[in-house]
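[1] My questions are about this predicted structure, shown below with the sequence.
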Amino acid sequence: MSRRAAVLCWVLLAVGCSSQSHELVIDLRTDLRPGFDFVSVRTTIVGAADPTNEGNQATLAVAVDDDFVTGQRIAELDGLSPGAHELRVELLDRGAAVVARRRVSTEVSGLRSLTLVITSDCFGVSCPGLSDPTDATECASGRCVSPECTDETPEACGVGGCVEDADCAAGVACASARCAGGACFRTPDDSSCPAGTYCDITDGCTALPPMDAGAPPPSDAGPGGVDAGPPGVDAGGCTPAACDDFDPCTIDGCGPFGCTNVPRCGAGEYCEAGTCQLLPSITIDTNDGFACADLGRDHTAPSDYLWRRTVRGRAGASWTQFNRHVGCAEATMEAETDSLDSSGTHTYQSNDGVNDDCGSPVLGRFAVYVEVDGRRSDTIEVTYFNSSCPGVTSCTAARSFCPPCRDCDPSNEYCYDDSECAPDPTLVLEGGDGAGCADLGTAHAAPAFLWRRTVTGRPGATAQQFNEHVSCGDPPAAAEAIALGPSGSDTIEATNGAETDCTAPFLGRYRVYVEVDGVRSATRELTYYNSSCPGIDTCAAARTHCPG
């Protein structure tokens with residue numbers, strides 16, 4: 001048995017460490033710092049199918065060099081009855097106050113191991129949120145999840161989390177962001193802080209706390225005085241000139257332990273050529289619940305916006321918004337670029353009316369962040385639902401919704417039958433006597449044509465052609481139904497003999513378009529003229545002609 005396992009067995013209350021058939025092994029991953037943010041971890045069984053298991057508890061003292069980001073064993077609970085168990089894991093400071101806690105529910109049968117995550121991005125998060133399911137009572141990786149969420153049961157954690165380090169935000173200047181197992185961790189760098197301080201992952205460089213006998217003092221690699229020191233520490237005095245690190249983003253000087261190079265900028269800022277700038281941030285306010293926007297309700301009143309977005313960062317800088325449709329498991333996509341004003345702020349709100357499209361591609365849950373100067377903001381979420389559409393009438397229902405035609409390209413496709421992407425209809429109309437011109441006074445026999453029409457669209461659909469006799473002021477009128485067939489295309493050519501009737505009813509200019517499934521093509525024009533008829537013997541002259 002390992003030393004740590006022996007310690008755990010020694011502190012178990014009411015449970016021995018004899019070999020039993022049902023055992024629960026718990027590991028913890030956290031970016032809170034052992035020895036600084038917490039000094040011990042307490043694991044308690046607070047609910048179980050067998051009441052005799054309740055109250056069993058293990059407490060583990062931690063060391064400053066424990067790697068909790070990778071994961072550490074915090075409890076081995078033996079001699080349990082099979083069935084459902086609910087645990088409470090608490091991180092305690094030197095005064096035994098609870099720094100962070102997490103509940104987890106699991107089934108015990110034989111040897112059961114689980115790994116739970118407690119991260120700093122859950123500070124200030126209250127679960128469940130307004131848009132969360134009622135059972136999402138715990139916070140993991142900054143989002144509300146059910147107590148069943150562990151590393152071993154990712155299906156209970158919902159959609160979200162990180163894929164790579166770039167998906168995470170460091171938060172403070174002395175820390176870097178790390179993605180591990182789908183969770184974001186802030187990794188501190190004490191060497192970036194001045195003497196006598198350490199990197200607190202939520203507050204930045206902070207004065208060193210008192211250490212008890214169980215925690216070693218700062219070493220050469222950590223915060224505080226360095227034996228071989230910066231210039232002047234051991235070499236007979238300190239001068240500011242000797243302390244210049246040639247970094248415009250630090251304030252150089254002398255401290256009680258020698259040179260100090262204090263970061264010029266504080267939490268929530270970054271340094272650019274010696275000037276402190278705000279780290280980028282984005283907020284989206286809504287009026288239909290926290291991070292919830294109802295497309296099925298009218299939001300045209302100025303104070304009743306659908307959403308209002310505020311971006312902050314370096315004054316005058318360009319920012320880019322990135323969106324990821326979480327419900328559709330899409331990759332992150334660039335969405336919009338704009339500039340911040342002289343105060344470093346950009347605000348815009350959407351005042352949209354009712355949207356009756358229940359297949360709208362914006363329905364569902366989106367993860368959103370912005371970038372300014374290559375620096376990324378924290379990721380926030382907003383969910384679009386529609387109170388008039390079955391299945392997505394609430395924000396909660398829409399969080400996992402993916403519009404059936406989300407993959408349709410809006411530039412050249414539409415959603416057909418609420419499930420399929422179909423090509424937008426097109427119409428090509430060629431005149432045989434110049435662009436958009438057809439001469440009735442000249443004979444046209446194949447391969448020459450008076451006009452040629454090509455329609456494309458959804459295979460098997462029927463296209464409806466509409467003609468508008470513009471030169472006579474007539475409204476559009478349905479003219480012909482066109483079967484597109486399996487190929488989704490139809491081409492026809494018109495031929496004619498020479499026409500001498502100068503009063504033909506279709507002389508003049510026409511606008512023509514087609515519709516497929518109610519979707520309209522671009523409009524084309526064709527002018528009929530007659531080269532043998534005075535006054536309309538050219539295409540240009542006939543454009544304003546209306547037969548008497």
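    Yep, it's here.

[2] nearest spatial neighbour of the residue most central in space within the chain, skipping sequence neighbours?
    Centrality entry for the chain: nearest residue to the mean C-alpha point is residue 367, 1.9 Å, by CA atoms, centre = their mean. For residue 367, ignoring the flanking residues on the chain, the nearest one in space by CB to CB, 6 or more residues apart in numbering is residue 324 at 4.5 Å. From N, CA and C alone the C-beta is placed, and that goes for glycine too.

[3] before we move on, what about residue 517?
    Residue 517 sits nearest to residue 416 (CB to CB, 6+ apart), 5.8 Å away.

[4] ok, now residue 328?
    Residue 328 sits nearest to residue 402 (CB to CB, 6+ apart), 3.9 Å away.

[5] can you check residue 150 too?
    residue 114 is the one closest to residue 150 (CB to CB, 6+ apart), at 4.5 Å.

[6] all helices for this structure, in order.
    Remark: helices assigned in the chain by DSSP state H are 3-11, 395-398, 539-542.

[7] Residue 431 contacts residue 451, correct?
    Yes - under the criterion of CB atoms under 8 Å, residue 431 lies in contact with residue 451, with a separation of 5.4 Å.

[8] one step back: can you tell me how far the residue nearest to the centre of the chain is from residue 317?
    Separation of residue 367 from residue 317 (CB to CB, to the nearest Å) stands at 22 Å.

[9] dump the residue contacts of residue 80.
    Neighbour list for residue 80: 15, 20, 22-24, 48, 50, 53, 56, 108 [criterion: CB atoms under 8 Å, 6 or more residues apart in numbering].

[10] Which one of those is nearest to residue 81?
    Closest approach between the contacts of residue 80 and residue 81, by CB to CB: residue 50, at 3.5 Å.

[11] Name all residues that make contact with the nearest residue to that closest one once chain neighbours are set aside.
    Distances taken as CB to CB, 6+ apart place residue 81 nearest to residue 50, at 3.5 Å, with adjacent residues excluded. Residues counted as contacts of residue 81 (CB under 8 Å, 6+ apart) are 22, 48-50, 52-53, 108.

[12] which pair in the residues you listed spans the largest distance?
    Counting by CB to CB, the most remote pair of those is 52 and 108, 13.2 Å apart.

[13] quick one: which of those two has more around it?
    Higher neighbour count among residue 52 and residue 108: residue 108, with 22 against 12, using other CB atoms under 10 Å.

[14] ok, now how distant is that one from residue 85?
    5 Å.

[15] what bridges to the residue nearest to residue 517?
    Beta-bridge pairing for residue 416 (DSSP bridges): residue 420.

[16] Mind pulling up the pLDDT for it?
    Looking at residue 416, its pLDDT reads 85.

[17] Is it correct that it is in contact with residue 458?
    Yes - at 6.2 Å, residue 416 counts as touching residue 458 under the criterion of CB under 8 Å.

[18] Which of the two has more residues huddled nearby?
    Per other CB under 10 Å, whichever of residue 416 and residue 458 has more neighbours is residue 458, with 22 against 18.

[19] wait, what's in contact with that one?
    416, 422-423, 425, 484, 488, 516-517.

[20] Just the buried ones among those residues, please.
    Restricting the contacts of residue 458 to buried positions leaves 416, 422-423, 425, 484, 488, 516, with burial counted as 16 or more other CB atoms under 10 Å.

[21] Show the low-confidence segments of the chain, by residue range.
    1-21, 130-131, 159-160, 210-237, 255-257, 267 (pLDDT under 70).

[22] that older thread, pull the number of nearby residues for the residue nearest to residue 367.
    Neighbours of residue 324 (other CB under 10 Å): 21.

[23] related to what we said a few turns ago, with distance to residue 329 as added columns, please give the buried ones among the contacts of residue 458 in JSON lines.
    Converted to JSON lines, those look like this (distance: CB to CB, whole Å):
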{"residue": "416", "distance to residue 329": "23"}
{"residue": "422", "distance to residue 329": "23"}
{"residue": "423", "distance to residue 329": "25"}
{"residue": "425", "distance to residue 329": "31"}
{"residue": "484", "distance to residue 329": "34"}
{"residue": "488", "distance to residue 329": "30"}
{"residue": "516", "distance to residue 329": "31"}
